[in-house]
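In: this one's structure only:
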């Protein structure tokens, strides 16, 4: 019960955040969602258009693909926690753009607090930006598809679902990677 209260309080703080200019262009901040008792946490890059409109993570096409990966591997979306390293949609000319280093730095406190409250056994980093931000190393290609332990929890690096939708080769790697999650 205490975790639920802490997550609810943190989500409210994230929704009211004005620490970087992204608050001026957002419709909704996207704190994340799922079980505060999750054994697995998934961390993506940043909200897109659908996420900005709904205030929920992975709602667009990449979210639908992620849901297929969950279903295929018997992962219940309600029993995991899903968030991003950036909590507001970064846009330029009404299109998504990569997060800026300053934006990622400001949001660091949010996902770190989420990890601290939830205490997942496994954190799945979806994509290079998520990996680089959380792990702090630029070794995504070398560590993709592997489990690693750093500063406590176990991590697993894989591609972002959006990349799996665009590139058949990455889709196959993602499918293989998600099977690995069920063995740990």
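Out: Looks like it came in fine. From a predicted model like this one, the values you see are computed outputs, not experimental measurements.
In: check which helix or strand covers the most centrally placed residue in the chain.
Out: In the chain, the centroid-proximal residue (Cα atoms, centre = their mean) is residue 43; its distance is 2.2 Å. Element membership for residue 43, per DSSP states H and E: strand 40-44.
In: how near is the spatially closest residue to residue 28 that is not a sequence neighbour to residue 112?
Out: Nearest residue to residue 28, sequence neighbours excluded (Cβ to Cβ, 6 or more residues apart in numbering): residue 55, at 3.5 Å. Quick note: C-beta positions are derived from backbone N, CA and C, even for glycine. Distance, residue 55 to residue 112, using Cβ to Cβ, to the nearest Å: 21 Å.
In: same question for residue 100.
Out: Counting by Cβ to Cβ, the gap from residue 100 to residue 112 is 19 Å.
In: which parts of this protein are strands?
Out: Counting by DSSP state E, one finds strands in the chain at the ranges 33-34, 40-44, 81-84, 91-92, 95-96, 122-126, 147-149, 154-158.
In: and the third one, what does it pack onto?
Out: In terms of contacts (3 or more Cβ pairs under 8 Å, 6 or more residues apart in numbering; DSSP states H and E), strand 81-84 is packed against strand 33-34, strand 40-44, helix 101-118.
In: in JSON lines: these, plus distance to residue 158 and mean pLDDT.
Out: Shown next, in JSON lines, are the helices and strands packed on strand 81-84 (distance: least, Cβ to Cβ, whole Å; pLDDT from 0 to 100):
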{"stretch": "strand 33-34", "distance to residue 158": "18", "mean pLDDT": "96"}
{"stretch": "strand 40-44", "distance to residue 158": "10", "mean pLDDT": "97"}
{"stretch": "helix 101-118", "distance to residue 158": "17", "mean pLDDT": "96"}
